[in-house]
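Student: Prediction below, plus the sequence it came from.
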Amino acid sequence: MTSCPRWAVTVSAGLALCAAALVPGTAAAAPAPPAPTSASAVGGDALRLPTGWAVRRTAVAERTGLRSPAAAHVRRAIDPADHTCGATQLSGYVGGLLGGLSGSALQFLLTSGALDFPTYDALFFGTSRDPRYAPPAQHRAPLTRAFRDAQRFWDVPSGDIELLAMHGTVLQDRVRLTRLLTVVYGLDRADAEPYASAVVDTLAQIPELRGGDHPIFTLNAFAFTAEGQSDPFVAALPDKLVFGDGILDFLEHAGLGDVGARAVLGHEFGHHVQFERDLFASPLVGAEATRRTELMADAFGTYFATHKRGLALNARRVVQAQQTFFEVGDCGFEDPGHHGTPLQRRRASEWGAALAARARAQGKVLPSMTVARQFDAALPGLVAPDAR
């Protein structure tokens with residue numbers, strides 16, 4: 001199985017807004033590190049992991065193209081490394097989320113699979129008709145309006161995309177976790193039920209993680225398409241655009257809540273434009289290929305947000321949109337999931353805003369392929385070395 005670059009917007013310290021396009025001809029995600037047979041438990045007894053758990057986790061990640069980007073933060077909390085890229089608000093925010101956790105709690109996050117469970121639950125079982133997957137009340141109306149505006153704005157089929165949310169509260173639900181473990185991970189019910197209960201019980205022993213209703217489990221947003229997928233179960237899934245509570249919480253924390261959420265939606269919808277126009281294909285490989293698609297989605301998102309026939313944000317709010325993309329930049333220059341430095345992401349956003357500004361007088365929306373071609377021509381300048 002092959003799939004496109006998985007995380008369509010990784011950030012400075014490793015969190016992401018993401019896209020998973022299960023289409024031919026692109027590189028697979030790196031496998032998860034091997035997991036031990038038990039995870040350090042908070043209450044003294046080790047959490048016993050299901051047999052072959054590391055293999056199952058890797059298989060699901062490769063099958064879907066999705067994995068929680070929060071794991072990178074947790075690994076750094078266990079084994080800090082010296083990263084020279086400039087800090088963003090997100091890196092400080094995540095540091096605050098993890099700062100009070102014990103080593104055993106961090107190890108639980110890495111080995112249990114719990115960081116991925118809300119993502120896979122929303123992907124495989126979430127629908128826009130189920131209120132359990134509705135965006136939080138304060139964001140529901142603006143996100144829904146922006147989503148409908150994006151559907152009207154872009155010249156691609158988009159009526160089949162579902163807008164929904166993922167919530168960490170699924171980690172309090174033994175029945176839904178058992179369903180996930182059996183249907184997605186392939187565990188027998190005799191193994192899935194006790195493991196689901198063990199995860200719920202372990203989270204209940206870690207007050208800082210609020211029983212799973214904590215931003216670290218949902219600090220992401222992703223666009224998904226199963227186009228070209230040979231796995232019939234995955235191929236049957238509808239196109240989705242999923243917001244996690246955690247990324248919305250971060251945007252509020254950063255003072256970007258209203259504009260930031262809609263900018264992120266514009267970015268993720270930009271990935272759906274890429275899916276429909278086959279814009280993931282390029283001569284670039286590895287980190288440079290992923291960076292191109294991510295920066296293009298930043299440009300698409302800000303073009304839509306700025307354009308008078310899109311969100312028509314005023315100048316002050318456009319700056320906030322650009323700051324949103326800066327805050328989710330990363331410095332994984334050789335990582336296949338690299339999505340652009342904070343400055344590169346802001347530059348791509350500024351490019352999209354300038355393109356929309358040039359069309360302001362006539363109000364014309366450029367065809368998506370025209371925007372893509374102009375972006376590719378500008379890309380070398382957007383990613384040019386900028387170290388002083």
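Tutor: Alright, I've got the coordinates.

Student: quick one: secondary structure of the closest residue to residue 162 other than its chain neighbours?
Tutor: Counting by Cβ to Cβ, 6 or more residues apart in numbering, residue 162 lies nearest to residue 128, which is 4.3 Å off, once chain neighbours are set aside. To be clear about C-beta, it is placed using only N, CA and C from the backbone, and glycine gets the same treatment. Classification of residue 128 using DSSP: H, G, I helix; E, B strand; the rest coil returns coil.

Student: Who are the contact partners of residue 128?
Tutor: Counting by Cβ atoms under 8 Å, 6 or more residues apart in numbering, residue 128 touches 134, 162, 163, 164.

Student: repeat for residue 157
Tutor: Residue 157 neighbours (Cβ under 8 Å, 6+ apart): residue 276.

Student: any idea how far it is from residue 220?
Tutor: Distance, residue 157 to residue 220, using Cβ to Cβ, to the nearest Å: 25 Å.

Student: and if you look at residue 118?
Tutor: Note on residue 118: its distance to residue 220, by Cβ to Cβ, is 9 Å.

Student: and if you look at residue 182?
Tutor: Remark: distance between residue 182 and residue 220 (Cβ to Cβ) = 24 Å.

Student: Comparing the two, which residue is more hemmed in?
Tutor: When residue 182 and residue 220 are compared on other Cβ atoms under 10 Å, the one with more neighbours turns out to be residue 220, at 30 against 16.

Student: mind checking how far the closest residue to that one other than its chain neighbours is from residue 100?
Tutor: Counting by Cβ to Cβ, 6+ apart, residue 220 lies nearest to residue 244, which is 4.8 Å off, once chain neighbours are set aside. For residue 244, the distance to residue 100 equals 21 Å [Cβ to Cβ].

Student: Then residue 295?
Tutor: With Cβ to Cβ as the criterion, residue 295 and residue 100 are 35 Å apart.

Student: Could you check which of these two is surrounded by more residues?
Tutor: Neighbour count, other Cβ under 10 Å: between residue 295 and residue 100, residue 295 has more, with 28 against 11.

Student: which residues touch that one?
Tutor: Residues counted as contacts of residue 295 (Cβ under 8 Å, 6+ apart) are 339, 340, 344, 345, 348, 375, 379, 382, 383.

Student: Among these, which ones are in helices?
Tutor: Within the contacts of residue 295, residues falling in helices by DSSP state H are 344, 345, 348, 375, 379, 382.

Student: what sits against residue 305?
Tutor: Contact partners of residue 305, counting by Cβ under 8 Å, 6+ apart, are 259, 262, 263, 266, 311, 313, 318, 321, 352, 353.

Student: low pLDDT regions in the stretch 101-250 of the chain?
Tutor: Under the criterion pLDDT under 70, no range of the stretch 101-250 of the chain is flagged.

Student: For it, just list every one of the strands.
Tutor: 162-166, 220-225, 240-244 (DSSP state E, counting those that start in this stretch).

Student: what mean pLDDT does whichever helix or strand residue 288 is part of have?
Tutor: Element membership for residue 288, per DSSP states H and E: helix 286-306. For helix 286-306, mean pLDDT is 94.
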